[in-house]
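Chemist: Quick one, fold the following:
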Amino acid sequence: MPERYCVGPSMAVDWGEAQPAISRRLLPRALWYFVPYWRRALGVLACIGAGAGLGLVPALATRALIDDLAHPRDGLARLVEIVGAGVAATLAAGLVGVLQSLQTATISQGIMFDLRRQLFGRLMTQSVGFFTSSRTGDLLSRMNNDVGGIQDVVSDTVFGLVSGLVIAVSTVAVMASLSWQLTLAALALMPIVLVPSRLLGRANYRARRRVQEKLSEVSAYMQEVLGISGILLVKAFGRERWEERRFDRLNEDLRRLEIRQAMVQRWFGMLSSAFQAFGPALLLFLGGYLVLTGRTTVGTVVSVVTILGGRLAGSIGTLAGLYVDVMGSLALFQRLFLYLDLPADVGDREGARSLPAVRGRVEFDRVTFTYPGGSRPALRDLSFRVEPGQLVALVGPSGAGKTTITYLVARFYDRCR
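Modeler: Have a look, this model is predicted:
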């Protein structure tokens with residue numbers, strides 16, 4: 001077992017924090033934070049639907065333009081009408097996207113506000129013992145890094161999933177109405193991205209969770225060692241070189257984990273790029289065959305393959321990528337819920353009565369107390385009474401329990417019995 005050098009109470013905790021497995025309750029619980037913002041969420045869904053519909057107009061305009069130029073009938077007026085429709089739809093889609101971004105940003109910031117408030121409130125209910133046995137850097141990492149990462153989850157992952165589904169379904173419907181043969185060929189390419197995405201999603205989740213844990217560990221270590229109490233102990237015992245070597249090990253572990261996470265994401269990107277490269281080539285080959293056999297027009301092939309096919313491939317790639325992001329995002333929610341679910345270890349009994357007028361008397365009646373993780377009681381069967389206005393001095397050798405008595409009077413801890 002590696003040597004552990006403790007420079008403060010919170011450094012004595014186990015660095016290998018256990019993480020529970022992802023449960024089915026995790027995703028519904030995370031989505032529950034959207035409920036207070038359901039009106040804005042409906043606005044986002046409306047924007048997604050409108051944007052998906054407007055995004056199909058340029059493809060239809062391109063098809064009409066190519067077929068019309070191949071057999072001109074109405075002259076310049078028809079050309080202006082088709083081009084104008086495509087440009088107007090593009091501008092309208094951009095304005096809808098701006099409104100959608102405003103709504104999603106409002107929702108994401110609201111959820112982050114709620115999480116920060118809940119997490120801070122939960123930490124305020126914990127006893128002093130909790131903070132002496134926890135790493136300060138880890139607490140700060142939960143408040144800053146993990147909550148900050150929720151913004152991407154809300155704005156990109158959740159609504160990105162809905163947007164990808166709407167775009168994919170609407171695009172397939174239009175493609176099928178234009179050429180069912182090309183549509184079936186495009187759908188046949190979907191497993192190339194969807195199958196490996198599930199495997200990479202699990203790998204990305206594990207990699208992202210380990211990076212977050214290592215960041216918390218490094219942050220906690222620097223908080224303890226570079227704090228005034230920690231650096232005094234390091235200097236007093238001449239442990240500078242030893243601490244440098246220890247930090248080098250932590251830094252090397254973090255670098256290795258960051259590289260691994262980047263490579264997982266890069267492999268996924270490579271597969272998506274391969275799909276987008278080979279897919280259009282195969283579709284163009286099939287489309288050329290259909291044109292030569294008189295089953296479709298050139299405008300239909302160009303519209304379906306270059307515009308609608310690319311749109312479908314992009315939405316499928318987004319959906320496959322979102323699975324990777326969802327698995328990684330669950331790691332953030334999991335870490336936050338671990339602290340949000342912490343019970344208050346110092347609290348009132350069930351049915352406790354309100355405190356009446358206080359006289360100021362302090363009385364200990366056979367109190368025994370052991371610090372969390374301690375091997376022996378700090379106080380054992382202690383009894384005394386201090387009347388209002390009475391001056392009392394606590395005298396005893398080091399370790400007799402003088403400070404512990406003051407902690408219990410202030411109820412920093414609860415007595416054992």
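Chemist: Quick check: phi and psi at residue 369.
Modeler: phi -140, psi 140 (degrees, to the nearest 10).
Chemist: Run a quick check on residue 344 versus residue 126, I expect a contact.
Modeler: Yes: at 6.6 Å, residue 344 counts as touching residue 126 under the criterion of CB atoms under 8 Å. To be clear about C-beta, it is placed using only N, CA and C from the backbone, and glycine gets the same treatment.
Chemist: if you count what's nearby, which of the two comes out ahead?
Modeler: More neighbours surround residue 126 than the other of residue 344 and residue 126, with 18 against 12 (other CB atoms under 10 Å).
Chemist: can I assume the more buried one sits in a strand?
Modeler: No: if the criterion is DSSP: H, G, I helix; E, B strand; the rest coil, then residue 126 is coil and not within a strand.
Chemist: Let me know the pLDDT of the residue nearest in space to the middle of the chain.
Modeler: Nearest residue to the geometric centre of the chain (CA atoms, centre = their mean): residue 329, 3.4 Å. Predicted confidence (pLDDT) for residue 329: 74.
Chemist: So which residues make contact with stretch 111-122?
Modeler: By CB atoms under 8 Å, 6 or more residues apart in numbering, the residues outside stretch 111-122 that reach it are 33-34, 36-37, 142-143, 147-148, 150-151, 154, 336, 339-340, 342.
Chemist: Widest-spaced pair of those residues?
Modeler: Maximum pairwise distance in the contacts of stretch 111-122, criterion CB to CB, is 25.9 Å, between 37 and 342.
Chemist: neighbour count winner among the two?
Modeler: The neighbour comparison of residue 37 against residue 342 (other CB under 10 Å) goes to residue 37, with 19 against 14.
Chemist: so who does that one touch?
Modeler: 106, 107, 110, 111.
Chemist: Likewise for residue 154?
Modeler: Here residue 154 is in contact with 34, 104, 107, 108, 111, 112 (CB under 8 Å, 6+ apart).
Chemist: What of residue 215?
Modeler: 141, 145, 254.
Chemist: Narrow those to just the buried residues.
Modeler: 141, 254 (16 or more other CB atoms under 10 Å).
Chemist: from the contacts of residue 215, which is closest to residue 47?
Modeler: residue 145 (29.9 Å).
Chemist: Tell me where the model's unsure across this structure.
Modeler: Along the chain, segments meeting pLDDT under 70 span 1-24, 155, 192-202, 269, 271-277, 320-321, 323-324, 327, 345-349, 415-417.
Chemist: Please parse it into its domains.
Modeler: Split into domains by automatic domain parsing, the chain comes to 30-340, 362-409.
Chemist: How are the helices of the stretch 301-417 of the chain distributed by residue range?
Modeler: Counting by DSSP state H, counting those that start in this stretch, one finds helices in the stretch 301-417 of the chain at the ranges 309-340, 402-409.
Chemist: what residues are up against residue 413?
Modeler: Residue 413 touches 127, 128, 129, 346, 369, 371, 407, counting by CB under 8 Å, 6+ apart.
Chemist: quick one: contacts of stretch 49-69?
Modeler: Under CB under 8 Å, 6+ apart, the answer for stretch 49-69 is 74, 78-79, 82-83, 85-86, 89-90, 92-93, 96-97, 100, 163, 166-167, 170-171, 174, 178, 297-300, 302-304, 307-308, 311.
Chemist: biggest helix in this protein by residues?
Modeler: If you go by DSSP state H, the chain has its longest helix at helix 240-292.
Chemist: Which elements pack onto whichever strand or helix holds residue 28?
Modeler: Under the criterion of DSSP states H and E, residue 28 resides in helix 26-31. Under the contact definition 3 or more CB pairs under 8 Å, 6 or more residues apart in numbering; DSSP states H and E, helix 26-31 sits against helix 309-340.
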